[in-house]
Every structure is written in structure tokens, then in C-alpha cells.
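1. Fold the following and give me the result.
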Amino acid sequence: MTNLVTSFFHNAAATNFYTSLTDGNDKNYIFVGRITAWPNDAAPPSVDGSVNYTEFGYWRNVIAAKKIVASDVSFAIKRYNWANNTIYRQYDSTSSTLFADPSAANTLYVMTDDYNVYKCLFNNKAATSTVKPTGTSTSLLNTADGYIWKYMYTVTSADRTKFMNTQFIPIKTLTSSDGSQQWNVQQAASNGSIQVIDIISSGSSYLQSNGTFFSVPTTTTMTLNASASGIDNIYNDSSVFITSGPGNGELKNIVDYNGATKTITINSAFDVTPTTSSTYLIGPKVTVIGDGSTTATAYANTNAIDGSVNKVTMVNVGANYSRADVTVTANTSHGSGATAVAYIPPLGGHGSDAVNEFKSDYVMTSVQIVSNNDLNFPIVNDFREWGLLKNPTLVAGGAVANASSYDLTLNLNLTSVTSSGAFDQDEVITGSVSGATAKVVAFSNTNGASTTGVLKVNYSNGTFSTSDIVTGAGSSVTGLVSSVTNPLINSYTGQLLYLENLVPIEREFQQTEDFKLIVRF
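-> Just a heads-up that it's a prediction; the model follows:
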């Protein structure tokens, strides 16, 4: 018995997480905490994963929280910069390892220095890429090194600033037009259109002829140039493709050939009848058999020396294929052994859904705390923990918290503060009547006066009362508690989704902390 957890499973799990962060039904917050030093601040310990800590202990450390909004979240994929002389992995719908973690030199997609992201559809039989893909056309990009690329999207300046780093780039699928070329690419994508037919075995001894028509007697007969074969029926069951001039881009099958007059007869008339200025290419016939609603057509190029088939070029990519078999044939007088495979695009077609096409299973959050804007986060003191909390509830009414940010410290409003007015950060204070204790996060004087202010504390043990005179254990500063303001969020509510121990981060005025979390599913 065998089984497979598909890439769709991982992508679906990532999508569920992404949705929970962005659809507004759940309220998710990043929080910071722990002002107390680690045993060794230079080497934070491993996170305590016990129930005691992940459901209760971390709550005693928290200082403040900020809500994650949709613009703080993005799918992400690993970053692979295009590099010269590198072999890139081509799209192959038959491969069971297409989305396996690649080495740096074997990736399905690249980002260029223009921040454009391209998918490799054909790597010219594992040749090195020597021409950087450029442009944002909805059509395929054929580069001089034989590669075929599909432009997918551009990482915008805003997304680069917020989400991109040396290892990851953001990725998204648009649900409506944002004015970008990505939307045009999505709209132009064609379901089940075969963009690439790849030669598996080249075969040998196939005939190819090219030139300019000597004459065009009728709409279904054309006389080849003098270099064509003089053998009757030699080109029967081959195809003729018009490479330039009237009829350019059209393909027909040859049903008869007169060697004496060098005249071919085709199976039906071209839409535009060629003339003596039209050039042609005769080669083995490529047939696509499958379930497409519009038939895909292609022609083959052969090697002039040994007659092997070296390339198949699409003429009509067809539509709505879910399966397709390809044959390469000529008549019995020449050529054999060539085999080819058609690569079926993902549902919707190449470029229709970047997140799904690259099977993104990473979700990134990026939340910034700006010291002089996010006033619920004390500007002074440091912190050593941060995490992600889902659906904490409010003290008043028990509803899920929904404000943009919260002060999660206990606020003691003080009067009669002794003249120095300088409580030490992290020192323990004790209430004279209640015996309650806590640690000082920050003290702010009211209107610059030294005798009144707000003392923000956490690690509280016991309940402070309005008759308490609190005293700092280190500073010996005292103050009378006039009122107590509890945090608006209930302790021990919500689900802790992520927790990380840090070296101390000292907060300062006009400083910004950027919290990035990348989760793989």
C-alpha cells in the first residue's frame, strides 16, 4: 500500500492559514514581552513548549499586542535569482518531482534584477541559460539560448520593502485588476493549451526541405524549389509550414508529391494562399491526439546531418487538454524512432494562478511596530519574546479583541511620587498594604510633573489596592496608588500560534521593529 500527500495538500493548508490571517473572521495579534534577562542574554534558551508556559507562563511576560491586517500577510516562495550559465528546471507535467526542493542550480522559476518572476517552460534539452529573460508580455518569451519562459508577475516596490528578503519573495494571485501586468497575464491564460512539446527520442533519417515556392498552380498544389527531391511520394505524410510571406504561420499535411515536377499536394487549402514569395519548411508530421476542445498543431525541425528531430515548434496551442499523446511520423521511405511528449499546463493555464502554479506552501507575516506611532508599546525598556496570538478576548463582555493594538501591562496611576521620580526598569515593586508585587516596565510622569504618573508593570503577583504605597526595591522610589487600570484583554485567552525567544531588543524613540514570520506547511 502506498500513499501520497500531494503538493495541493500543503498549498491548501497554507491557504487556510493565509485566509485565517486575512479574511477578518479571526483576529490575530503579534505581541512582545519578557523584560527579565535570560540566564545568558547573548544566547536565549529554547522555547519552553510545556502546557504551563504556552498556555499560562508567557502571558505574565506580555507588554503589548498589535493586530495583523490583510496587508501584513503574503504567500511566499523561495528566492532564486537568475544567474548566467545555469541550468534551470523546465516545467514537466509528467514529473512527480517537479515541486521537490531544488538545488540553487535547478529551479523551475527565477527572479531577475528587474524583480520580474518567470517560469521556465523549456530548457533546450538541459542547456545552460545564458540570456536573461526580460519583458512582461502575456506571450511566451523565447530567448536566444533556446529557453522558453513565461512571465508570471513583478514583485512591487511595496512588497519588496515589506516582504522580500535574501531567501524569500512574496507571491500572490490577483482576484481583481490592480492595474498590473500580472492581471493581464492571468486573463490571457488559456486552460489546457499545450505550450511545449518536448522531444524524448530524436530518431534518425527524417527528411527536411526548405526554400521558396517556384510556383503555386492551385490553392492545394505548390511547386517546390529546385533543391527538392526528385523521388515521387518522398514527402507524402510529411507536413509543410509556411515560414514567411503570404500564408505565414500556416501548417498543412502533404498527401501527394510528384518528383518530376517537384509539386506537392496538400490536404486542404491554406487560409491565405502562398505565393512565389512564400518560404516553406517540409519535415516530419507531428500529430497531437487528446481531449482538447481545440486541436493543437506543431511542426518538427530536423538535423541536416543525420535527420534526427531536434525541436518541435507549436503552431496552434489548442485548448482544454487534460491529456495528449504525440506522434512524429513520415512515410515508410525514410525516418523513424522519434518520440515526443506534450506538457499539459496546470488548470487554468500557465500564468493563471501563480500561488497554485508554484505550489506555494509558505505564508509570511510582516508587522512593523513604530515607536512614536504605536503608543501602546512602551518606548523604553527591552523585550525578549514575541509571538502570534489568535482570538484573545476582551475583559468587558468577553468578545474577541478587535482594536488595532493593546497595552497589556497593568497600569498603576500614582500620586505623591518621591522627588526623584525615577523607578528603575525591571525592578520589583511591592504594595505596602496588599503585599502585591510586580516588575517595572516603564514610568511616565504626568505633564512633566515628578509627583504623579503612570507606572506600567507586569509579572504581577497579588492585587494592588488604592491604599497601597508602592516602593521600588532598587530605586527606593515610592508612590501612592490612586487607581489601577487593568489590561483590556483577558489573560490566558486565545491560542498561542507561535513563540520565539530573542536576544534583548532595546526600544528607542523613532525606532521601528519589523516582525517577520515565515511558516511552511
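
2. tell me which residues in stretch 197-212 are buried?
-> Using 16 or more other C-beta atoms under 10 Å as the burial criterion, the residues of stretch 197-212 that qualify are 197-199, 202-204, 206-210, 212. Yep, even glycine has a C-beta here, placed from its N, CA and C like the rest.

3. Ramachandran angles for residue 55?
-> In terms of degrees, to the nearest 10, the main-chain angles of residue 55 are phi -110, psi -20.

4. Renumber starting at 197 from here on
-> New numbering, starting at 197: the last item is residue 251.

5. Give the buried residues for the strand or helix carrying residue 379.
-> Per DSSP states H and E, residue 379 falls inside helix 377-384. For helix 377-384, the buried set under the neighbour-count rule, 16+ other C-beta under 10 Å, comprises 377-378, 380-382.

6. any residues touching that helix, and which ones?
-> 332, 334, 347-350, 369-370, 372-373, 547-550 (C-beta atoms under 8 Å, 6 or more residues apart in numbering).

7. Narrow the residues you listed to those in strands?
-> Using DSSP state E, the members of these that fall in strands are 347-350.

8. quick one on the thing from earlier: just the buried ones from the contacts of helix 377-384?
-> When neighbours are counted using 16+ other C-beta under 10 Å, the contacts of helix 377-384 contain these buried positions: 332, 347-350, 369, 547-550.

9. about what we covered before: rounded mean pLDDT for the helix holding residue 379, please.
-> Computed over helix 377-384, the mean pLDDT rounds to 98.

10. so how many other residues sit close to the spatially closest residue to residue 206 that is not a sequence neighbour?
-> Leaving aside its sequence neighbours, residue 206 sits nearest to residue 557 (C-beta to C-beta, 6 or more residues apart in numbering; 3.9 Å). Here the count is done by other C-beta atoms under 10 Å, and residue 557 has 23 residues near it.

11. mind listing what residue 557 touches?
-> Taking C-beta under 8 Å, 6+ apart as the contact definition, residue 557 lies against 203, 206-207, 209-210, 716-717.

12. End to end on stretch 421-433, go ahead and measure it.
-> Using C-alpha to C-alpha, to the nearest Å, the span of stretch 421-433 from its first residue to its last is 19 Å.

13. again, but for stretch 682-701
-> When the termini of stretch 682-701 are compared using C-alpha to C-alpha, they are 25 Å apart.

14. same check, this time on stretch 225-245
-> 20 Å.

15. Any buried residues in that stretch, and which?
-> Judged by neighbour count (16+ other C-beta under 10 Å), stretch 225-245 contains these buried residues: 225-231, 234, 240.

16. Show me which pair in those is furthest apart.
-> Among those, the pair separated by the greatest distance (C-beta to C-beta) is 225 and 234, at 23.7 Å.

17. in the protein, which spans are helices?
-> Listed in chain order, the helices of the chain (DSSP state H) span residues 203-218, 247, 353-358, 377-384, 550-553.

18. which one of those helices lies closest to residue 688?
-> Shortest distance between residue 688 and these, using C-beta to C-beta, is found for helix 247: 11.6 Å.

19. what does that closest one contact?
-> Counting contacts by C-beta under 8 Å, 6+ apart, no residue outside helix 247 touches it.

20. and that helix, what's its mean pLDDT?
-> Over the span of helix 247, the pLDDT mean works out to 96.

21. next one: it to chain centre, how far?
-> Averaging C-alpha coordinates over helix 247 and over its chain gives two centres that are 34 Å apart (C-alpha atoms, centre = their mean, to the nearest Å).

22. Show me where the stretch 297-446 of the chain dips below the pLDDT cut-off.
-> For the stretch 297-446 of the chain, applying pLDDT under 70 flags the ranges 299-301.

23. Going along the chain, name the strands of it.
-> For the stretch 297-446 of the chain, applying DSSP state E, counting those that start in this stretch gives strands covering 305-307, 312-318, 337-338, 344-350, 364-367, 393-400, 405-408, 411-414, 417-419, 434-440.

24. wait, which of those is closest to residue 565?
-> Each of the strands of the stretch 297-446 of the chain has some distance to residue 565 by C-beta to C-beta; the shortest is strand 364-367, at 20.3 Å.

25. What is the neighbour count of residue 221?
-> Neighbour count for residue 221, taken as other C-beta under 10 Å: 9.

26. ok, now how distant is it from residue 598?
-> Note on residue 221: its distance to residue 598, by C-beta to C-beta, to the nearest Å, is 11 Å.

27. Report how many residues lie close to residue 480.
-> Other residues near residue 480 number 27, with proximity taken as other C-beta under 10 Å.

28. Correction: the previous question concerned residue 280.
-> 10.

29. just the one 5 residues further on next, same as before
-> Residues lying near residue 285 (other C-beta under 10 Å) number 20.

30. neighbours of residue 375, just the number please.
-> Residues near residue 375, counting by other C-beta under 10 Å, number 7.

31. now the one residue sitting closest to the centre of the chain, which residues is it bridged with?
-> Ranked by distance to the mean C-alpha position of the chain (C-alpha atoms, centre = their mean), the top residue is residue 367 at 3.1 Å. Under the criterion DSSP bridges, residue 367 forms beta bridges with residue 271.

32. do you know how far it is from residue 294?
-> Between residue 367 and residue 294 the distance, using C-beta to C-beta, works out to 17 Å.

33. Could you do residue 311 as well?
-> 24 Å.

34. Farthest-apart pair in the buried residues of helix 377-384, please.
-> Every pair in the buried residues of helix 377-384 was compared (C-beta to C-beta); the two farthest apart turn out to be 377 and 382, at 9.7 Å.

35. what does the model give residue 640 for pLDDT?
-> Predicted confidence (pLDDT) at residue 640: the value is 83.

36. That one touches residue 648, doesn't it?
-> No - the pair residue 640 and residue 648 fails to qualify as a contact (C-beta atoms under 8 Å) at a distance of 10.1 Å.
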